[in-house]
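> I'll drop the sequence and a predicted model, then ask my questions.
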Amino acid sequence: MNSSDAFAEDLGDLYENAPCGYLSLTPAGQVIKANRTLADWLGTDSGTLIGKQFRDVLSFGARLAFETHLVPLLRLKGRVEEVAFDLLGQDGSKVPFIANAAEKRDDSGRHVATRMTLFRAVDRRTYERSLVDARIKAEAALDLGAETAALREQFIAVLGHDLRNPLSALAAGLAIIEHRERLSERGQAVVGEMNSSIKRASDLIADLLDFARGRLGGGLSLDRNSDQPLTPVLEQVVAEIRAIAPERTIWASIDIAEPVYCDRGRIGQLASNLLANALTHGAANVPISIVAATDAKALTLSVSNGGKPIPPEAREQLFQPFFRGVVGKSQHGLGLGLFIVNEIAKAHGGTMDVTSTDGETRFTFTMPLERLP
C-alpha cells in the first residue's frame, strides 16, 4: 500500500469513526450518507439510515423545527450553527443533538446537498432542562411567597381583631356584672375564674401574634427609648408573678445603674416569660431568682430555678416555637414563651443562653448598651 492509499484509508476511517456524526442529505431531504459514529449513537447501522427521509428520523418537535426554521435559514444564509434537536434511535428513544449544517452548491448556485455535523448533547440538554426546572420552581416559590404573605396578613388580622374583640366584650360584660350586681360568694368565684380564663386567652393571642410577627413577618416591633428607667418595669413584673404564685419564693436583685436603650415593655415581657417558665418547670421547694444588672457595656438579666436538669437533646429545642418538653397536667400554653423570649433578645441585638445542671437551670439574657443602628 503506497502513501496515497494509506492517506485515503485514514480519511475514510476519520469520516466513519469521527468523534461527531456526519450526515449528507439531498435537496429533498433524503439521507445519502451517514457515518458509523452517528449510526452507533442511534443504535443502528449506516446502511439503514441511507435512503430514509431525514424528517422520518426526527422527533415530532424536531421535525417541526427542521421544516419551519432550519430549512428556511439554510436557504437564506447557506449555513446554520448550533441548532438543537432530537433524533429518534432505533428503539424509538430520543437522542439529543447539537448540529451545524451547510448547503453545498454548484458553480451556478444550485443546491446540490446539505451536509451536517452532529454532536451528542445529553449533558447539555440535561443542564438546559435543569435550568428550566429551576426557573419553574423559582416562579412557583415566588407565587407561594405572595400567597404566604397574604395568608400572614390575614392570620395576624384575625388574631389582632377578630379574636381579641370578643374577649374584650366578655371582659367588659364581666366588669359590669362584677360592679353592678350583688353576687354570691359562688358567683364571685365564677366571675374570677372567667376573668382568669379571659386573661389566659388574651395571653395566648398575644403569644401567637408575636410568633406570627417573629416567624412569619419581619420580626417583632420595638418602641425603644432610654428616657425612662427599666427598674420599675422589672419590679412590677416580679410583683405580678409573686401575686400569681404566693406559695413560691422569688428572690429579686435589680441593679441597673446605666440607662438602657430598649423597649421596656418587651424586656418586661421577656422577664415575665422567664419567671413563668421557672414557675412551671422549677422545683416548688427551691426559690426562683431573678438578677438584672448593667455594667459599662451590657445589660444582663438572668432567671434561675432548681429542679431536674434539662436533657441536652431538649436544650437544643428550647427556643423553637411550640416546644413544651415534658408537659404536666397543670402546665398550660402553646410552648411559645421561650421562643418569644429569644425573639425579643434578637430584636435588641442580644443573646439568650441556658445552662442546666443537677442543682440549677439558668436562662441569661445579655444585650449591649450601645445603640444599634
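Sure, I can see it. Numbers count the residues shown, from 1 in each chain.

> where are the low-confidence patches of the stretch 201-350 of the chain?
Along the stretch 201-350 of the chain, the model assigns pLDDT under 70 to residues 213-219, 324-334.

> can you list the buried residues in the helix or strand where G47 lies?
Element membership of G47, judged by DSSP states H and E, is helix 46-49. The neighbour-count check on helix 46-49 (16 or more other CB atoms under 10 Å) flags S46, L49 as buried. Bear in mind the C-beta positions are built from the backbone N, C-alpha and C, glycine included.

> what lies in contact with it?
E16, L23, V31, K33, A34, N35, R36, L38, A39, L42, V57, Q90 (CB atoms under 8 Å, 6 or more residues apart in numbering).

> how about the contacts made by the residue nearest to L220 when sequence neighbours are not counted?
Distances taken as CB to CB, 6 or more residues apart in numbering place A347 nearest to L220, at 4.7 Å, with adjacent residues excluded. Listed by CB under 8 Å, 6+ apart, the contact set of A347 reads G219, L220, L222, D263, R266.

> how near is the residue nearest to L58 when sequence neighbours are not counted to P72?
Leaving out its chain neighbours, the residue that sits closest to L58 by CB to CB, 6+ apart is F66, at 5.7 Å. When distance is defined by CB to CB, to the nearest Å, F66 is 10 Å away from P72.

> cool, and V238?
Counting by CB to CB - V238 and P72 are separated by 85 Å.

> list the neighbouring strands of the top strand by length along the chain plus their orientation.
In the chain, with assignment by DSSP state E, the single longest strand is strand 94-105. Strand 94-105 pairs in its sheet with strand 79-88 (antiparallel), strand 111-120 (antiparallel), by DSSP bridges.

> which of those comes out lowest on mean pLDDT?
Mean pLDDT is lowest for strand 79-88 among the strands paired with strand 94-105, at a mean of 87.

> ok, and what's touching it?
Counting by CB under 8 Å, 6+ apart, 42, 57-59, 61-62, 65-66, 69-70, 73-74, 94-103, 118, 121, 125 sit against strand 79-88.

> low pLDDT regions in the stretch 51-200 of the chain?
Judged by pLDDT under 70, the stretches of the stretch 51-200 of the chain that qualify are 123-128, 145, 148-164.

> ranges for the helices of it?
54-57, 60-65, 71-77, 122-157, 164-180, 185-211 (DSSP state H, counting those that start in this stretch).

> what does the shortest one contact?
Defining contact as CB under 8 Å, 6+ apart, one finds that helix 54-57 is touched by L23, L25, G29, Q30, V31, L42, L49, R63, F66, E67, L87, L88.

> if I look at the last one, how far off is L49?
Spatial separation of L88 from L49 under the definition CB to CB is 11 Å.

> before we move on, the earlier item: out of the strands paired with strand 94-105, which comes closest to L338?
strand 79-88 (56.2 Å; CB to CB).

> list the buried residues in the closest one.
V80, V83, F85, D86, L87, L88.

> from those, which is closest to R182?
Using CB to CB, the buried residues of strand 79-88 come closest to R182 at D86, 89.8 Å.

> domains in this protein, by residue range?
11-122, 126-215, 230-368 (the TED database).

> can you list phi and psi of the closest residue to R36 other than its chain neighbours for me?
Closest residue to R36 in three dimensions, ignoring its sequence neighbours and counting by CB to CB, 6+ apart: E16, at 4.4 Å. The phi/psi pair for E16 (degrees, to the nearest 10) reads phi -70, psi -40.

> just the one 4 residues further on next, same as before
Main-chain torsions, C20, degrees, to the nearest 10: phi -150, psi 170.

> shouldn't it be in contact with T117?
Yes: C20 is within contact range of T117, at 5.2 Å (criterion: CB atoms under 8 Å).

> circling back to that earlier point, ChimeraX command to pick out the buried ones of the contacts of helix 46-49?
In ChimeraX, this line selects whichever of these come out buried by 16+ other CB under 10 Å:
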select :23,31,34,35,36,38,39,42,57
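
> picking up where we left off before, buried ones in the longest strand of the chain?
K94, V95, P96, F97, I98, A99, A101, A102, E103.

> N277: which of the residues you listed is nearest?
Closest to N277, out of all of the buried residues of strand 94-105 and judged by CB to CB, is P96, at 60.9 Å.

> thought that closest one was touching L118?
No: P96 is beyond contact range of L118, at 10.2 Å (criterion: CB under 8 Å).

> number of nearby residues for I136?
10 (other CB atoms under 10 Å).

> same question but for V286, I mixed them up
So V286, with other CB under 10 Å, has 16 neighbours.

> for it, which non-adjacent residue is spatially closest?
V286's closest residue in space is G306 (CB to CB, 6+ apart), at 2.8 Å.

> next one: I310
S356 (4.1 Å).

> please name the bridge partners of the one you found.
Assigned bridge partners for S356, using DSSP bridges, are T361.

> now do the same contact list for D106.
V112.

> for P287, which non-adjacent residue is closest in space?
T249 (4.0 Å).

> distance-wise, check the closest residue to F365 other than its chain neighbours relative to I250.
Among residues not flanking F365 along the chain, L301 sits closest, at 4.6 Å (CB to CB, 6+ apart). The gap separating L301 from I250 is 14 Å, by CB to CB.

> ok, now P311?
Taking CB to CB, one finds P311 at 26 Å from I250.

> so for the two, which sits in the more crowded spot?
Per other CB under 10 Å, whichever of P311 and I250 has more neighbours is I250, with 18 against 11.

> which residue packs closest to that one, ignoring adjacent ones?
I288 (4.8 Å).

> just to revisit the earlier point, of the domains of the chain, which stretch is the most buried?
domain 230-368 (a mean of 17; mean count of other CB atoms under 10 Å).

> and it, how far out from the chain middle?
29 Å (CA atoms, centre = their mean, to the nearest Å).

> now stretch 63-71
Worked out by CA atoms, centre = their mean, stretch 63-71 lies 43 Å from the chain centre.
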